[in-house]
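Chemist: A predicted structure for the sequence below; I have some questions about it.
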Amino acid sequence: MLPKIDPTTTSSWAKLSELSSENESIQKLLNDPLRVNDFSFDFDEFHFDFSKNSVSNATFKTLLELARECKLQEGIQSMFDGQSINETEDRSVLHTALRSNSKPEVSKELEKVKEFSTSIQNGEWVGYSGKRITDIVNIGIGGSDLGPKMVTYALKPYWKSITPHFISNVDAAQMVEVLEELNPESTLFIIASKTFTTQETITNALSAREWFLSNGGSNETISQHFVAVSTNEKAVTEFGISTENMFEFWNWVGGRFSLWSVIGLSIACTVGFEHFQNLLRGAKRMDDHFRTEELENNLPVLSALIGIWYNNFLHYDSMAILPYDHRLRYLPSYLQQVDMESNGKYIDRNAQEVSFQTGPIIWGEPGTNGQHAFYQLIHQGTKVIPCEFLAIAQPAHNHTDHHEKLLANFFAQSEALLTGKSKEQVLTEVGDRASDLLVNSKVFKGNRPSTSILIKELNPFNLGSLVAYYEHRVFTQGLIWNIFSFDQWGVELGKQLSKPILKEIKSGEDGSHDASTLSLMKKFHEMRN
Ligand code: F6P
């Protein structure tokens, strides 16, 4: 079981509050010749630089004390031991077991993934007309979409003979756009849903089946074109997919932590099983680090503690994820689910409402695109937004000039955030005759925090480590905030309310709703008629 300590009752919390009132500037902190070395870490092919954060040595020490007072290490152990730490759903949390080779049922399913993905890749598995499969469509949403999509695109250079597609939204516009490019003879659908009851996924799967049947497919050949990935055998069978074509996982795998399970089937089919396995190995490497490394050198812990400092003591309530690599363009949206669905909660593990901030708002875009959109606010806005910059040292293309420009921007942005530009510097640029308005508008205060992560190469192993780093950061923060990170009750109410509304939309009858919702629905009826 997880400890149930209200962090505000610890002595380190009180000490951190005091420290926050005398927070030193980052520029000043960096005058310490040991700072960069003390706050930078090499981990396999990664380099983490936390030195441009507003965290002094004293603060850092106290944050580590906070982790100890909240019994972080016991919590980590409970998770890896498979204790029922997802208490509100009465489940263990064992996505780490998917990459540890420790459970026979996992190895069995992995073997099935290996066989299947290999037969798709080498053309042994054919469609109804004997053509090899060229396109796979993953139909899923949330964790059954975002993880596989993010990883698949991050590993684009590893694609072989298969082009992947993803359908998630119940908005048919997405499905139509995907299907119009495809030939049913050479398309395989993977229906990915942990519960196999999710409205969006089932609706899309039924429409995909209809498309298949009305474009040359038949009931007899459905099994060559539809497979399912789920924990719910009954619902899969009822849908019409036989258990032979079903890949199984277990309720101790949370949706947003499931890409390592058979939910990753689309990844394995696209990049090949060997690379999928390397992804798991990379994650396992980070698991071992997280489980065994001392807190002061433990990367997910360090990053989580800095986030807590910002969120709870400096009141920076969001965090930007800024990958300087096109392949990582889906990382921010993937992390939104991992972080916000896990830690966006106000009830603590003692069933009480918390008296402090929990999960931050996670957002971001790849560089350099973001620079020409929202970086203005990051540099000169009234809010402080801690940034996490990521870059890959060796690109997978040979356009060296592009890559050098990309990396020049990666370095320049965190430098600009830190150093800013003083009034004196501006005056030397514009001359003393420039207006105050112009001069002041060109000043950058600087001292804006960032972390930089530099990775040698974006291969499956490193990607696995990176994703596990984020998973464990989220776990660490949730543990210290004394909340349960592995349920998601907050997504239920909207789903529940949409059911009667759907009936009313279909029947045209009025239901009982608040005045605003009723009026909106009435307008909708008028507009569509
Ligand atoms: O509604 C939220 C959620 O339950 C996520 O946690 C999950 O990843 C997603 O829906 C999809 O669920 P499923 O895989 O069961 O279709």
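Modeler: That came through, no problem.

Chemist: the strands in this protein, which residues?
Modeler: Along the chain, counting by DSSP state E, strands occupy 40-43, 46-49, 135-139, 163-167, 187-192, 226-230, 246-248, 318-324, 361-363, 387-394, 450-457.

Chemist: Tyr469 and Trp309, how far apart?
Modeler: Using C-beta to C-beta, to the nearest Å, we find Tyr469 at a distance of 18 Å from Trp309. Any C-beta I mention is one placed from the backbone N, CA and C, and that applies to glycine too.

Chemist: which one of the two has more residues nearby?
Modeler: Shown here are Tyr469 and Trp309; by other C-beta atoms under 10 Å, Trp309 has more neighbours (25 against 20).

Chemist: pretty sure that one contacts Leu16?
Modeler: Yes. With contact defined as C-beta atoms under 8 Å, Trp309 counts as touching Leu16 (7.0 Å).

Chemist: find the residues that touch each one of the two.
Modeler: In terms of C-beta atoms under 8 Å, 6 or more residues apart in numbering, Trp309 and Leu16 are both contacted by the residues Thr59, Leu63.

Chemist: got the strands of the chain as JSON lines, with distance to Asn31 columns?
Modeler: Output for these, formatted as JSON lines (distance: least, C-beta to C-beta, whole Å):
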{"stretch": "strand 40-43", "distance to Asn31": "16"}
{"stretch": "strand 46-49", "distance to Asn31": "17"}
{"stretch": "strand 135-139", "distance to Asn31": "51"}
{"stretch": "strand 163-167", "distance to Asn31": "48"}
{"stretch": "strand 187-192", "distance to Asn31": "52"}
{"stretch": "strand 226-230", "distance to Asn31": "54"}
{"stretch": "strand 246-248", "distance to Asn31": "56"}
{"stretch": "strand 318-324", "distance to Asn31": "26"}
{"stretch": "strand 361-363", "distance to Asn31": "32"}
{"stretch": "strand 387-394", "distance to Asn31": "22"}
{"stretch": "strand 450-457", "distance to Asn31": "18"}
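
Chemist: which one of those lies closest to Lys523?
Modeler: Closest to Lys523 of these, according to C-beta to C-beta: strand 163-167, at 29.3 Å.

Chemist: strand partners of that closest one, parallel vs antiparallel please.
Modeler: Sheet pairing for strand 163-167, assigned by DSSP bridges, gives strand 135-139 (parallel).

Chemist: around the ligand, pick out the residues from the protein.
Modeler: 140-144, 193-195, 198, 201, 255-256, 341, 488, 491 (C-beta under 6 Å from any ligand atom).

Chemist: just the buried ones from these?
Modeler: Using 16 or more other C-beta atoms under 10 Å as the burial test, the residues of the chain next to the ligand include 140-144, 193-194, 198, 201, 255-256, 341, 488 as buried.

Chemist: buried residues in stretch 49-59, which are they?
Modeler: Using 16+ other C-beta under 10 Å as the burial criterion, the residues of stretch 49-59 that qualify are Asp49, Phe50, Ser51, Lys52, Asn53, Ser54, Val55, Ser56, Thr59.

Chemist: can you pull the contacts of the residue most central in space within the chain?
Modeler: Nearest to the geometric centre of the chain sits Leu335, at 2.1 Å (C-alpha atoms, centre = their mean). By C-beta under 8 Å, 6+ apart, the contact set of Leu335 is Ile321, Ile362, Gly364, Tyr470.

Chemist: confidence score at the third one?
Modeler: Reading off the per-residue confidence, Gly364 sits at a pLDDT of 98.

Chemist: show me what contacts it?
Modeler: Contacts of Gly364 (C-beta under 8 Å, 6+ apart): Ala320, Ile321, Leu322, Pro323, Leu331, Pro332, Leu335, Gly370, Glu388.

Chemist: repeat that for the second one.
Modeler: Residues near Ile362 by C-beta under 8 Å, 6+ apart: Ser318, Met319, Ile321, Pro332, Leu335, Gln336, Asp339, Met340.

Chemist: what's the closest of the contacts of Gly364 to His403?
Modeler: Closest to His403, out of all of these and judged by C-beta to C-beta, is Pro323, at 14.0 Å.

Chemist: over to the residue sitting furthest away from the middle of the chain: give its phi and psi.
Modeler: Distance from the centre of the chain peaks at Arg433, with 49.6 Å (C-alpha atoms, centre = their mean). Backbone torsions of Arg433, given as degrees, to the nearest 10, read phi -90, psi 0.

Chemist: how close does it get to Leu427?
Modeler: For Arg433, the distance to Leu427 - C-beta to C-beta - is 10 Å.

Chemist: and what of Glu124?
Modeler: According to C-beta to C-beta, Glu124 stands 71 Å off from Leu427.

Chemist: likewise for Met79?
Modeler: Distance of Met79 to Leu427, given as C-beta to C-beta: 56 Å.

Chemist: of these two, give the one with the bigger neighbour count.
Modeler: Looking at Met79 and Leu427 with other C-beta under 10 Å, you find the greater number of neighbours at Met79, namely 24 against 15.

Chemist: shouldn't Val113 be in contact with Leu280?
Modeler: No. Assessed by C-beta under 8 Å, Val113 is found out of contact with Leu280, at 10.7 Å.

Chemist: so where do the helices sit in the stretch 201-350 of the chain?
Modeler: With DSSP state H, counting those that start in this stretch as the criterion, the stretch 201-350 of the chain has helices at 222-225, 233-239, 265-271, 273-292, 299-308, 331-335, 342-343.
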